[in-house]
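Participant: Structure for the following, please:
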Amino acid sequence: MRSRLLLFAACSAAVIAICFAAPADAGLRAGGAVLPRTQGDIVIPPEWAGIWSSIDTTYSCAGVRQSVDASLDTLCAGTVVLTNEGSPFTFVCTGTSTATTVDMTCIYSGEIVTDCNMTITIVMQGTRTAESYVINNTVTTVYSGVAPECSFFPDDCTRTVTRGTRIEPEPAAYCALPVDATTWGRVKSRYR
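Facilitator: Numbering: from 1, shown residues only. Alright, predicted model coming up:
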C-alpha cells in the first residue's frame, strides 16, 4: 500500500519532520498523483522530481548524533507538500519551494489528552544543485496543559540533515498512479 506523503528531504523515524519525503513501503518515499491545490499550497517543483538516494543524520538540538539512515526517495512533480486532510490537529504551513531551494515553517497543534496540548514546529531549509541536495529540518515538540498526564510527555527537539543524490528521473508511471491519502502524522506514527 502506498501513501501520499510529503516533499523533499528525508525524515528520521524519531521526528515528524516535514520533508519532501517520508518512509514508505518498498523502500521508496513520497510520490503520488498531482493533488487538487488550494491557495498557498506548497508543491514539489519539477526540478526536484526523481528518485533520490539519501542519507539522513539526526541530532538532538544539543548536537548529539542520534542516528544515520540511508534510503531512497521518490519525488513527483506537482505533489502537494502537506495536507491537513483527516488530521485531528490544526496545521499551518508557510514558505516556498523553488527549483533550487526550500524554506518552510509548519506548525501542528492540538489536544492529545483532555487539557494537554501538543505543538510541533518544523523548520525546513535546503538547497538543490544539479543532481544533489542538502536539507536541514529542525523539529521542536512542546507539550502544555494542566492535565497530570501532560507531565509524562517530554518536550523534544531534533535536527535532521539530509544529503541526497538523484539516481533516476521521475518515474512517470509511478507518479501518475493515484495513491491513498494520508497525513504526515499518521504516517510518522507508524514508524515510531
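Participant: so what strands line up beside the strand or helix carrying Tyr108?
Facilitator: In this structure, Tyr108 is located in strand 101-113 according to DSSP states H and E. Next to strand 101-113 in the sheet, as set by DSSP bridges, lie strand 90-97 (antiparallel), strand 116-129 (antiparallel).
Participant: what's the average pLDDT for the very next helix or strand once past the longest one?
Facilitator: Spelled out, that is strand 116-129. As assigned by DSSP H and E, the chain's next helix or strand after strand 116-129 is strand 132-145. Averaged over strand 132-145, pLDDT sits at 96.
Participant: what's the angle between strand 132-145 and strand 101-113?
Facilitator: Orientation of strand 132-145 against strand 101-113 (axes from the mean of the first three to the mean of the last three Cα atoms, to 10 degrees) gives an angle of 20 degrees.
Participant: and Ala77, what is it in contact with?
Facilitator: Applying Cβ atoms under 8 Å, 6 or more residues apart in numbering, we find Ala77 in contact with Val34, Val43, Ile44, Pro45, Pro46, Trp48, Ala49, Glu170, Cys175. For the C-beta atoms, the positions are set from N, CA and C on the backbone; glycine is no exception.
Participant: please redo it, this time with the cut-off set to 7 Å
Facilitator: Contacts of Ala77 were listed using Cβ atoms under 7 Å, 6 or more residues apart in numbering, and they are Ile44, Pro45, Pro46, Ala49, Glu170.
Participant: is it true that the last one touches Gly50?
Facilitator: Yes: counting by Cβ atoms under 7 Å, Glu170 touches Gly50, with 5.1 Å between them.
Participant: Those two: which is more packed in?
Facilitator: In terms of neighbours (other Cβ atoms under 10 Å), Gly50 is the more surrounded of Glu170 and Gly50; the figures are 21 against 18.
Participant: I'd like the distance from the more buried one to Gln125, if you could.
Facilitator: Distance of Gly50 to Gln125, computed by Cβ to Cβ, to the nearest Å: 21 Å.
Participant: Repeat that for Thr101.
Facilitator: Here Thr101 is placed at a distance of 8 Å from Gln125 (Cβ to Cβ).
Participant: next one: Ala172
Facilitator: 30 Å.
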